[in-house]
Structures are given as C-alpha cells and as structure tokens.
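> One predicted model, sequence on top.
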Amino acid sequence: MKTATFFDTISQSTPPALLEQMGQFLVGVEEELRVQTNSRVKTVEEISRLTLDGGGKRLRPALVHLAARATGREFDSSRTQKLGAAMEMIHMATLIHDDVIDDAALRRGRPTAFSVHGNTASILGGDFLLARAMSLLAQDGDLPIIRMVSEAVVELAEGEVRELELRGILNLSKDDHFQVLRMKTAGFIECCCRLGGMIAGATEAEVNALGEFGHQLGMAFQIADDILDYQGDPTKTGKPLATDFVEGCATLPLIELLPTLRPEQIAWLESLFSKEAHEEELRNLADLMNEHGSVARAQMEAENRIQIGRQSLCRLPESAERDLMCAVAEFVVQRES
Ligand code: FPP
Ligand code: MG
C-alpha cells in the first residue's frame, strides 16, 4: 500500500519508487518512536505521546536517511531508522522544554505538554526523551557518532541560553542573532545530515558537504520560521501572531526593519517590545515589515542560504535523493506552517 508523506507534496519530479521508499522509512521511524515513548510511568508516557501525536514532518530522521542515500553507498537502513528516531526524540525534547521556557499553550495548533501537565512534569518528560535517545545511540555504539550528537545537544542547550541572554535587546546585531540561529537550530540539522553520511561510511569531504547543506538548511529553516511568526496565518502555523516580539526575541524581520524607521517609530516599538500587546498593534507591526521590505530581505537571506546549501550538495554524485534534498530545502523556505 502507498504510504503518502509530505515528500509526495513537495516534489513532482521525484521517482515514485523513492517516494515510496521514504514513506516506508518514515512508517518505520514512527513505529520506533511509538516503542521508545513507552514508559512504566503514565504521565511520562502521556507527555511523550502528546508530543508524538502532535505530528510534524519528521524532517530530521528523513534528512538522516536521505543524506545516507545521497552518498550512493550501501548502508544498513535499520541504523538510519533507529538513529533517525533518536534525532527526532531529541528534537521533541527540545520543543517540550522550549514550550515551558516560552509559557506556550499551543504548538502545531494543539495544547502543549506544558499546558496539560505543567512545568515540572514537562521538563522531566523532555529529559526522559533525551535520555531514551542517548540510550538508542549507545545501543548503536558508534563513538564518533555519539560524540558528534552529544556536542550538537550541548550546542542546542547553549544556544537556547544565549537566546535568553539576548532577550529584550531590540537593536540586536545580526552577528549575535545568527550565532543563536546556528546554535539552537542549524547545528542540529547539520548534525542530522552528517549523521546520514557517517552511517553510510562516506568520506570526510562528503560528510562535510552534507554538513554544509544541513547548516544552510537549518539557518534558512529558522529564518522562515521567524518570518512566519509575523506573517503566517495563525490558523495554519498553530501559534499566535508575533510571539517572538512579545517575548522580547528580536529576529531577522525585526532586525531588518529597525534601520528603516524614523525615531518616533522606534519609540513606538520600544514601548511595545517584550510586553503583552494588542493584536491590532502586532498586525500594524507585521504590515510595517512588509511595507518597509524587511520581510522580503529576510526571505532573501533564507533563499540565498538555500542556494549555498544546494551548491555544496553538488560535491555528491547526481541522484534523485540529492534532488529531493534540494526540494526539501525549497519547501522549507516557502512553507506556510
Ligand atoms: C524552537 O525554536 C526551539 C529550539 C530550536 C531549541 C530549543 C532548545 C532547548 C529548549 C534547549 C535544549 C533542550 C534539550 C532537551 C537539550 P523557536 O522557539 O524559535 O520556535 P517555536 O516558534 O517553534 O517555538
Ligand atoms: Mg519557542
């Protein structure tokens, strides 16, 4: 039976056999995730399942598998499945923790673990998923992989704390902002792409090419996410409008807007930044970003990064898998949710 995934909708030119293979791979990942989210403690299982059933594109495991396939080498696909699931569980853990940090009631249009089970149980539920992921990595037993993933998790945690340090700074520099994006998002997506290459036994040059693609994809992904925060339709994104602004996180659309504003407009922003604001004010801000071209400039940054990422993939043999990775990258910067 055909197993449709989001890959079927993003690329018309992908051979049906590859789409079918990706569908089967992702079914296997889902089964693994279900097994790994079992717990003898009811609340732990509920928190894990709430996050699992919240859905998501399973982009990280898909990248692990696609990266391995894009090397053109033979590999053990049960490893991409298990380690891909481990990467998704780490991602799930970070989102559970992130929702506690942000007091977020909704994610993907559904109640967060934080809103259902509260702060303490959610933090511990996230810890459980992280530990289960590490256990999968230990069972696989590949030390260079364990070292790389552990380092990526260290960077993730540091990135989130760095973002906290920079909260409330309206005139944040692009350098500081990009450092946060690299640490909290791009580093981990880079790690997923490298992981696929390592599972397939790729050369260092091939793993680096996959890593460069993953880095650029991750940066573009987070920039697109930050644009959607202001420009997305909340019924599609599943999150309220301009939460980054309300939380005092300056992201690229805002950083690009600031130099174009008159002093009285900056004073207006200062009076609103990092506070609960009326939706109408937030809509005015989102419109201003459009009028002043700051959304377009942020979008251009994301698209340029995708182009650089595509170029680095040219260092791998031509294949349908390589093309599908590029289609994933295009989708990421065009998505509406
Ligand atoms: C979502 O980004 C959050 C992240 C990319 C990283 C979160 C990382 C942590 C909470 C720290 C590390 C945690 C563990 C378990 C190692 P966002 O807040 O920009 O996006 P959103 O709009 O989806 O919330
Ligand atoms: Mg968040």
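Arrived safely, thanks for sending. Ligands and ions are numbered 1, 2, ... in the order given.
> Enumerate the residues of the stretch 101-250 of the chain near ligand 2.
residue 102 (C-beta under 5 Å from the ion). Any C-beta I mention is one placed from the backbone N, CA and C, and that applies to glycine too.
> change it to 8 Å
101, 102, 104, 243, 247 (C-beta under 8 Å from the ion).
> Could you report the pLDDT at the second one?
Per-residue pLDDT puts residue 102 at 88.
> With adjacent residues omitted, what lies nearest to it?
The shortest distance from residue 102 to any non-neighbouring residue, by C-beta to C-beta, 6 or more residues apart in numbering, is to residue 247 (6.2 Å).
> residue ranges with poor pLDDT in the stretch 151-300 of the chain?
Judged against pLDDT under 70, the stretch 151-300 of the chain has no low-scoring part.
> Hmm, the residue nearest to residue 102 is touching residue 274, no?
Yes: with contact defined as C-beta atoms under 8 Å, residue 247 reaches residue 274; the gap is 7.0 Å.
> Overlap of the contact sets of those two?
In terms of C-beta atoms under 8 Å, 6 or more residues apart in numbering, residue 247 and residue 274 are both contacted by the residues residue 167.
> Which of the residues of the stretch 101-250 of the chain next to ligand 2 lies at the shortest distance from residue 151?
Within these, distances to residue 151 taken as C-beta to C-beta reach their minimum at residue 101, with 21.8 Å.
> And that closest one, how close does it get to residue 268?
According to C-beta to C-beta, to the nearest Å, residue 101 stands 27 Å off from residue 268.
> Could you do residue 291 as well?
From residue 291 over to residue 268 the distance is 14 Å, taken as C-beta to C-beta.
> same thing with residue 81?
Distance from residue 81 to residue 268, counting by C-beta to C-beta: 52 Å.
> now the helix or strand where residue 9 lies: mean pLDDT?
When elements are assigned from DSSP states H and E, residue 9 belongs to helix 6-10. For helix 6-10, mean pLDDT is 78.
> Put the alpha carbons of it into CSV.
What follows is the C-alpha trace of helix 6-10 in CSV, where atoms were taken according to Å, rounded to 0.1, in the frame of the first residue of the first chain:
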residue,chain,number,x,y,z
PHE,A,6,4.9,15.4,3.0
PHE,A,7,7.6,14.4,0.5
ASP,A,8,4.8,13.5,-2.0
THR,A,9,3.6,17.1,-2.0
ILE,A,10,6.9,18.9,-2.3
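> Work out the gap between that helix and the centre of the chain.
Helix 6-10 has its average C-alpha position 17 Å from the chain's average C-alpha position, going by C-alpha atoms, centre = their mean, to the nearest Å.
> Now do that helix: everything it contacts.
Where contact means C-beta under 8 Å, 6+ apart, the residues beyond helix 6-10 that reach it are 14, 19, 22, 23, 57, 62, 324, 327, 328, 330, 331.
> buried ones in whichever strand or helix holds the second one?
So the one you mean is residue 19. With elements delineated by DSSP H and E, residue 19 resides in helix 16-36, which encompasses its position. Within helix 16-36, the residues scored as buried using 16 or more other C-beta atoms under 10 Å are 18-23, 25-26, 28-30, 32-33, 36.
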